[in-house]
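Enquirer: Sharing a model that was predicted from the sequence below.
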Amino acid sequence: MVSRPKHWLIGIGSDKSFLSSLNRTDIILWCAFLSVIFVVIVWERFRGITATDERSESETEIVCPIGDVAPGSKFKKVVPIKNTSTNPVTIKSISRTCSCLMANLEHDTIQPGSNVNLFVEFLSPDRQGGFQHKLVLDFVAEKEPVVIHFFGTVSAWIRSNVSGLEFDDTLRGEVNRRCLQLRVDESWPKEQRSIKCRMPHTDVESVDVGIDGKTVTYTIAFRPPADSDIRECEGDIVVDWIGHRDRGFKVPCKGKIVTEWDAEPSQVFLGEVSSHQFSVFEVQIRNRRYTDYRRLERYKITSSRSELLNVSSVWNIDHWQVTGSLRENSLLQPGIKSADLCIGNSDGKVLFRVPVYWKLER
């Protein structure tokens, strides 16, 4: 019987019948030893694929900060990919998480110890705020892919003190003004400033520039004509930095046009009324220009058909409380009838009407 050496590894080459003498435990130890050697060889071959970015966190996860960019602007960056292994590697494909990222390689194969440049182009979105996207590099050999993360913030070159301008309850024939203050990070020369108002009846009334040239305040005036039938207007104000296409800015605008007089309800419907029936209704009438009763004493509320509609009014804090009563209609033919509550000045000119409708029956 052949005796085994004290350590089983010593006798591998000295005795041909050694393998037949191994027990189950020896076989397991031997397989484990070979597995470790195999893993070390594979690791040494493929572990060296890295990006030489200064913000790399690991060999397969690379972080590339883009920083602050303007909306709709293009950003370019070169990311060197280095092969620190002892064997050539080939990049099979590049996938992306956003169509706003474009990537191209100098060539697909990276020799040991060499670099290949990955050219990345990023188109920032129009909306402001943070973003994060990534590129994934897959290799021909079975190895872990390299993920390159890109992150940053979309910030407008031109910033506004408001997200939009609203000209609420603007009287016809009157002027409603709003201030639009714009702030930039560098001096903004006058010859490079451009502003357009693209809402009807709107224009720039004045401009005020800060001492440092980085703050520009525009006074925007909204002037709906006195005879305008439009109730609402919408549009925007476009600000451009001439010579810099990526530094444009838009401010949405909205205007609401109202009349001087307002009634609640704006029309009165009495429904079906008998010829011998008396009907009573109430209406609140306000003046948007004045709320002082003494300023409104020169105005009078009357009926366009006093033989049918009787009117009385009482001043109540900020409005007229008008009471109307429909008189007997026995002399009229059945059908749809109407009359108006009228507000007139001292000259008898009617300034505002509240129509009253009813259907007369026998």
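Expert: On my side now, so go ahead.

Enquirer: Leu180: neighbour count?
Expert: 20 (other CB atoms under 10 Å). Using the backbone N, CA and C atoms, a C-beta is placed for each residue, glycine as well.

Enquirer: tell me which element Gln132 falls in.
Expert: Counting by DSSP states H and E, the element that carries Gln132 is strand 129-139.

Enquirer: So what's the model's average confidence on that strand?
Expert: Averaged over strand 129-139, pLDDT sits at 85.

Enquirer: and what of stretch 238-250?
Expert: 81.

Enquirer: what do you get for stretch 110-123?
Expert: For stretch 110-123, the mean per-residue pLDDT is 86.

Enquirer: Kindly report the same for stretch 84-94.
Expert: On average, stretch 84-94 scores 83.

Enquirer: for that stretch, which positions count as buried?
Expert: Using 16 or more other CB atoms under 10 Å as the test for burial, stretch 84-94 gives 85, 89, 91, 94.

Enquirer: so what does the helix or strand containing Pro80 touch, helix or strand wise?
Expert: Under the criterion of DSSP H and E, Pro80 resides in strand 74-83. With contacts defined as 3 or more CB pairs under 8 Å, 6 or more residues apart in numbering; DSSP states H and E, strand 74-83 has these neighbours: strand 49-51, strand 61-69, strand 109-110, strand 115-123, strand 146-154.

Enquirer: Partner strands of that strand, with direction?
Expert: Within its sheet, strand 74-83 is paired with strand 49-51 (antiparallel), strand 115-123 (antiparallel), according to DSSP bridges.

Enquirer: OK, contacts around the nearest residue to Tyr290 once chain neighbours are set aside?
Expert: Counting by CB to CB, 6 or more residues apart in numbering, Tyr290 lies nearest to Leu296, which is 5.7 Å off, once chain neighbours are set aside. Shown in contact with Leu296 (CB atoms under 8 Å, 6 or more residues apart in numbering): 287, 290, 315, 320.

Enquirer: Does the first one touch Glu260 like I think?
Expert: It refers to Asn287. Yes: look at Asn287 against Glu260 with CB atoms under 8 Å: they come within range, at 6.2 Å.

Enquirer: Give me the more crowded residue out of the two.
Expert: Using other CB under 10 Å as the criterion, Asn287 and Glu260 rank with Asn287 on top: 20 against 17.

Enquirer: measure Val78 to Ile336 for me?
Expert: Computed as CB to CB, to the nearest Å, the Val78 to Ile336 distance reads 80 Å.

Enquirer: No further questions, thank you.
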